[in-house]
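Visitor: sequence and predicted model, in that order:
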Amino acid sequence: TLPPNLGAAVDALEDDEVIQDALGEHVAEKFVEAKQAEYDEYKAEVSDWELDNYLETY
């Protein structure tokens, strides 16, 4: 099965020796850093659904 979100996918990538070896140490490290930053930015974003459902409720 696929990871449920980008954070879980990055965790799986970090644990996958085959992919790590294929990318090489430097590229794998930089790719993981970039995707972690992307996921952190995504988690901080407030979605329209959240605004619609929570803004006036709380």
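Guide: Yep, it's here. Numbering: from 1, shown residues only.
Visitor: could you tell me how many residues sit around Gln20?
Guide: Applying other CB atoms under 10 Å, we find 17 residues neighbouring Gln20. For glycine as for every other residue, the C-beta is placed from the backbone atoms N, C-alpha and C.
Visitor: that one against Glu29, yeah?
Guide: No. Counting by CB atoms under 8 Å, Gln20 stays clear of Glu29, with 9.1 Å between them.
Visitor: so which bits of the helix or strand containing His26 are buried?
Guide: Using DSSP states H and E, His26 falls within helix 25-44. Across helix 25-44, burial judged by 16 or more other CB atoms under 10 Å covers 28, 32, 35, 39.
Visitor: for it, packing partners?
Guide: Applying 3 or more CB pairs under 8 Å, 6 or more residues apart in numbering; DSSP states H and E, we find helix 25-44 packed against helix 6-15, helix 17-23.
Visitor: what's the angle between the longest one and helix 25-44?
Guide: By that I understand helix 6-15. Relative orientation of helix 6-15 versus helix 25-44 (axes from the mean of the first three to the mean of the last three CA atoms, to 10 degrees): 160 degrees.
Visitor: show me what helix 6-15 is packed up against.
Guide: In terms of contacts (3+ CB pairs under 8 Å, 6+ apart), helix 6-15 is packed against helix 17-23, helix 25-44.
Visitor: out of the ones you listed, which is closest to Ala9?
Guide: Among the helices and strands packed on helix 6-15, the nearest to Ala9 by CB to CB is helix 25-44 (7.6 Å).
Visitor: quick one, phi psi at Asn5?
Guide: Dihedral angles of Asn5 (phi, psi; degrees, to the nearest 10) stand at phi -160, psi 170.
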